[in-house]
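**Student:** Predicted coordinates and the sequence they were generated for:
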Amino acid sequence: MPELVILIGLPGAGKTTFYRERFAATHVHVSKDLWPNAAGREARQRRAIDEALAAGSSVVVDNTNPSAADRAALMELARARNARVIGYFFDVSTRAAVASCESTTPLLRAVVPDVNLMNAAFRR
């Protein structure tokens, strides 16, 4: 049975590192960060997830996924393909997330949203 793993947390929380350490060998990596300038990133993400699950592959969704609605939409895709859903929440302080983002390369910093704004989304 394929699974859909949803990573949840601030930019800089360690989600991508977690994916690389735990899932890179067994799961397809789907992240909007892979398409920073693409139009329709949400639709593209849904297609990538659905295609991978339809092929019987497990998937990790590596985005912030702050709202219940964001996660519910992903869970619907998984259920439609009879995939197991697993979520991981990365509980880091805003200070730690900002420090992590500031230590990244300038190219990555350009696509990472403002951590303080994301923190407000998580508080909601």
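**Tutor:** Happy to help now that I have it.

**Student:** What average pLDDT does the host helix or strand of residue 71 get?
**Tutor:** When elements are defined using DSSP states H and E, residue 71 is found to belong to helix 68-80. Averaged over helix 68-80, pLDDT sits at 95.

**Student:** Now that helix: buried residues?
**Tutor:** 70-71, 74-75, 77-78 (16 or more other Cβ atoms under 10 Å). C-beta: built from backbone N, CA, C; applies to glycine.

**Student:** Same question for stretch 9-18.
**Tutor:** 9-16, 18.

**Student:** What is the nearest of the residues you listed to residue 34?
**Tutor:** Among the buried residues of stretch 9-18, residue 16 lies closest to residue 34 (Cβ to Cβ), at 10.3 Å.

**Student:** Excluding chain neighbours, give the residue nearest to the closest one in space.
**Tutor:** Residue nearest to residue 16 in three dimensions, not counting chain neighbours: residue 62, with 5.6 Å by Cβ to Cβ, 6 or more residues apart in numbering.

**Student:** And for residue 23?
**Tutor:** Nearest residue to residue 23 in three dimensions, chain neighbours excluded: residue 60, at 4.9 Å (Cβ to Cβ, 6+ apart).

**Student:** do residue 77 as well
**Tutor:** For residue 77, ignoring the flanking residues on the chain, the nearest one in space by Cβ to Cβ, 6+ apart is residue 49 at 5.2 Å.

**Student:** Now for the one you found, how many residues are close by?
**Tutor:** The tally of other residues near residue 49 (other Cβ atoms under 10 Å) stands at 23.

**Student:** re earlier: how about the buried residues of helix 68-80 in a markdown table, adding distance to residue 89?
**Tutor:** Formatted as a markdown table, the buried residues of helix 68-80 follow (distance: Cβ to Cβ, whole Å):
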| residue | distance to residue 89 |
| --- | --- |
| 70 | 13 |
| 71 | 10 |
| 74 | 14 |
| 75 | 15 |
| 77 | 19 |
| 78 | 17 |
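
**Student:** Now do the strands in the chain.
**Tutor:** Taking DSSP state E to define them, one finds strands in the chain at 3-9, 27-30, 58-62, 84-90.
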